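Participant: can't give you the sequence, but here's the structure:
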């Protein structure tokens, strides 16, 4: 035998409990993502990139703008971009940072510029002013000046143009330059 008054109280109390159990202010949540005339704006975004259920990268940015009316479907990161690349879903293999980036969804490429730095867990580091990250090939490329610091053999290489994989274990400088 069931007491219908207890069931009625439970039925009314549960929705009220869940309504007040929400920790975030609705206005604060809405402020994280807004639309400004054909542009979706996100603040403090984290985007997880995965293939076949395996996390490949985590992209973080304080500001993201997605241009909805752009035929190339561009996404812009005007106030820095940081990316952690994963060897598997748990272990970071390399990191990237840049002061500016934009992503063309139709090309699956990210253009990075201004203080672009990539480094891996072995200590290899790459610096350049701008480069392309091709997500189809998982490679970085540029035709601009580049500096590469290698851990084995220990060397600092200056050049113009390069191609490298995301973990910096295969770097090709297109034209080495002497630096004094």
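Facilitator: That came through, no problem. Predicted, not measured: the structure shown is a model, and the values here were computed from it.

Participant: average pLDDT across the strand or helix carrying residue 115?
Facilitator: Counting by DSSP states H and E, the element that carries residue 115 is strand 109-120. Here strand 109-120 scores 95 as its mean pLDDT.

Participant: okay, buried residues for that strand please.
Facilitator: Neighbour counts over strand 109-120 (16 or more other C-beta atoms under 10 Å) mark 109, 110, 111, 112, 113, 116, 117, 118, 119, 120 as buried. Every C-beta, even on glycine, is put in place using the N, C-alpha and C of the backbone.

Participant: helices of this protein, residue ranges please.
Facilitator: Assigned by DSSP state H, the helices in the chain fall at 4-21, 26-31.

Participant: from the contact counts, what lies against the strand holding residue 115?
Facilitator: Contact partners of strand 109-120 among helices and strands, from 3 or more C-beta pairs under 8 Å, 6 or more residues apart in numbering; DSSP states H and E: strand 92-98, strand 100-104, strand 125-134.

Participant: pipe these into CSV and attach mean pLDDT and mean neighbour count per row.
Facilitator: Putting the helices and strands packed on strand 109-120 into CSV (pLDDT from 0 to 100; neighbours: other C-beta atoms under 10 Å) gives the following:
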stretch, mean pLDDT, mean neighbour count
strand 92-98, 95, 19
strand 100-104, 94, 20
strand 125-134, 95, 19
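
Participant: could I get those strands as JSON lines with distance to residue 39?
Facilitator: Output for these, formatted as JSON lines (distance: least, C-beta to C-beta, whole Å):
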{"stretch": "strand 92-98", "distance to residue 39": "21"}
{"stretch": "strand 100-104", "distance to residue 39": "13"}
{"stretch": "strand 125-134", "distance to residue 39": "23"}
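
Participant: who wins for proximity to residue 67 among those?
Facilitator: Residue 67 lies closest, by C-beta to C-beta, to one member of these: strand 100-104, at 9.3 Å.

Participant: returning to that earlier point: weakest of the helices of the chain by average pLDDT?
Facilitator: Lowest mean pLDDT within the helices of the chain: helix 4-21, at a mean of 39.
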